[in-house]
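Undergrad: structure for the following, please:
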Amino acid sequence: MKKKLVYDSPTRVFHWTFAALFVTAFTIAKTIDSQSSNYPYHMLAGLTLSFSVMLRVLWGFVGTRYARFESFALAPQELVNYFKGILKRDNTHWAGHNPASSWAAILMMALALGLGVTGVLMASGGDKEVLEEIHEIFANSFFVVAVVHVTGVALHTFRFKELIGLSMLNGMKENVSDSEAISLPRIGFGVVFGALVFFYAVFLLKHFEPRTKKLEVLGVSLQLGEISKNDNHGEDD
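TA: Have a look, this model is predicted:
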């Protein structure tokens, strides 16, 4: 059967933007000291990540058929049956997100928002010790879910010889009937989605002061990194 379109452009733009921003933020957080001049870019990437999720949540209510949350297979029994099917090589047909990817998407978006909230609270002077613990739990949980998700995609591909990972590149899937396919890719909305995320990141960078590691937006001051002795010395000079 000829491949049919199931995922629109905004959904695919979000998918890869979401992945890139998390990898950037997580890598910086795990490899760079909090007093480094580069550490604040972890938080800037995290704030942009949260913004992209908020746009995706909106698209989850007004987007095309398989972009909408109502199409996600979130019933626990469906998830159990899906994993049983993998073991038995019984490939139940899912035009949109299968139960595993549905749960992974929801969990990762929820964790991303949790990371954004705890990050902002820490940067605005909240109880840093407690918030940092929660923030790290969210980040590590996100990483675990992401690894499980990628592993699941690889396992599905191996078991059923179905390259489902490509569907987030071209939006197409096999074994989809005309009635299940979507009619338009919504490329214009995809461009707008990408542009909004890009300009939001530029907005944050424009209002970020590297010397003091502060982000000043809408009258709110966020401290995005620890000030080292060298930074303080530079201010005195």
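Undergrad: only C-alpha atoms for contact and neighbour calcs from this point on.
TA: OK.
Undergrad: which neighbouring elements make contact with the helix or strand encompassing residue 20?
TA: Using DSSP states H and E, residue 20 sits in helix 9-31. Where contact means 3 or more Cα pairs under 8 Å, 6 or more residues apart in numbering; DSSP states H and E, helix 9-31 is packed against helix 40-62, helix 167-170, helix 187-206.
Undergrad: could you say which of those helices is packed most deeply?
TA: Across the helices and strands packed on helix 9-31, averaging neighbours per residue (mean count of other Cα atoms under 10 Å) puts helix 40-62 on top, at a mean of 21.
Undergrad: quick one: name whatever helix or strand follows it.
TA: Downstream of helix 40-62, the first helix or strand assigned by DSSP H and E is helix 76-88.
Undergrad: mind checking how far the helix holding residue 20 is from the chain centre?
TA: A distance of 6 Å separates the centroid of the chain from that of helix 9-31, by Cα atoms, centre = their mean, to the nearest Å.
Undergrad: please apply the same query to stretch 150-159.
TA: In terms of Cα atoms, centre = their mean, the centre of stretch 150-159 is found 20 Å from the chain centre.
Undergrad: and what of stretch 28-47?
TA: Worked out by Cα atoms, centre = their mean, stretch 28-47 lies 17 Å from the chain centre.
Undergrad: and for it, what's in contact with it?
TA: Applying Cα atoms under 8 Å, 6 or more residues apart in numbering, the contact partners of stretch 28-47 are 21-22, 24-26, 112, 115-116, 119, 201, 204-205, 210, 213, 224-228.
Undergrad: and these, which of them are buried?
TA: 21-22, 24-26, 112, 115-116, 119, 201, 204, 213, 224-227 (16 or more other Cα atoms under 10 Å).
Undergrad: nearest to residue 68, of the residues you listed?
TA: Nearest to residue 68 among the buried ones among the contacts of stretch 28-47: residue 112, at 18.6 Å, using Cα to Cα.
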